[in-house]
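In: requesting a structural model of the entry that follows:
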Amino acid sequence: MAAAHGLRIRDPRPGDEAAWRRLWSGYLTFYKVDVPEAVTAETWSRVLDPAVPMLCRLAEQERTIVGFTVSTLHPSTWTSDLNCYLEDLFVDPDARGHGVGRALIDDLPTLARKKRWSRLYWHTNAGNETARRLYDTYTQADDFVRYRITFD
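Out: Next up is the predicted model:
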C-alpha cells in the first residue's frame, strides 16, 4: 500500500506520554501480557533520559502518534560498536497497511549508520505472520532459538 501521507518519525517529548501509553496498552493487549504500572512509568522515563541506552521513536501523522519503537543499545562480544535490539514495535490498528511499520523500521538503519552501530536485530512470535511478512522484506529469520529465565 501507499505510504502514509505526512508521516514523520521522531524522538518522543514529555508531552507524548499519553499517546505513547495508549499505544503501549494496545501492544501489551496484542501480546496478552500485563506489565506493572511502575515498569511502564519507568520505561517512559528511560526513553526520555539521554543517559539511558534505550531509545524510543514515534511515528506521527497529522499530529497523532500512530506507532512507536523502543530499542535498547548494548555492547557486544562480537563487534566493536554498539548493537541495537529493537525490543518493541507497535502500530495503531487503524494506521496499519499504510507503511507506518516500514517507516519505523527504516528509521533504525538510518540511525545505525549515523551513530555507527554494528547491528540491528529483533524477534517476534513465530505465529505473528503479519509482522513476519514485513520483517522478511528486510532479512530472513535466523535459526537461533531463544531461552528465557525470568526472576521476580
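In: show me which positions of the longest strand seen in the chain end up buried.
Out: When the chain is parsed with DSSP state E, its longest strand is strand 64-74. When burial is assessed from 16 or more other CB atoms under 10 Å, strand 64-74 yields the following buried residues: Ile65, Val66, Gly67, Phe68, Thr69, Val70, Ser71, Thr72, Leu73. No exception for glycine: its C-beta is placed from N, CA and C like everyone else's.
In: pLDDT at Ala2, what is it?
Out: Per-residue pLDDT puts Ala2 at 43.
In: could you pull out the strands for the chain?
Out: Taking DSSP E, the strands of the chain run over residues 7-10, 54-61, 64-74, 83-91, 119-122.
In: tell me what the longest helix anywhere in the chain is packed against?
Out: Longest among the helix segments of the chain by residue count, using DSSP state H, is helix 100-115. If you count contacts as 3 or more CB pairs under 8 Å, 6 or more residues apart in numbering; DSSP states H and E, helix 100-115 packs onto strand 7-10, strand 54-61, strand 64-74, strand 83-91, strand 119-122, helix 129-135.
In: will you turn these into a markdown table that also has mean pLDDT?
Out: What follows is the helices and strands packed on helix 100-115, written out as a markdown table (pLDDT from 0 to 100):
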| stretch | mean pLDDT |
| --- | --- |
| strand 7-10 | 97 |
| strand 54-61 | 97 |
| strand 64-74 | 98 |
| strand 83-91 | 97 |
| strand 119-122 | 94 |
| helix 129-135 | 92 |
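In: looking at those, spot the one closest to Trp20.
Out: Of all the helices and strands packed on helix 100-115, it is strand 64-74 that lies closest to Trp20, at 6.0 Å by CB to CB.
In: still on that earlier bit, in the buried residues of strand 64-74, find the pair that's most separated.
Out: Pairwise over the buried residues of strand 64-74, using CB to CB, the maximum falls at Val66 and Leu73, 24.4 Å.
In: measure stretch 71-89 end to end?
Out: Using CA to CA, to the nearest Å, one end of stretch 71-89 lies 9 Å from the other.
In: outside of that stretch, which residues touch it?
Out: Applying CB atoms under 8 Å, 6 or more residues apart in numbering, the contact partners of stretch 71-89 are 27, 53-57, 67-70, 101, 104-105, 108, 111-112, 115-122, 131.
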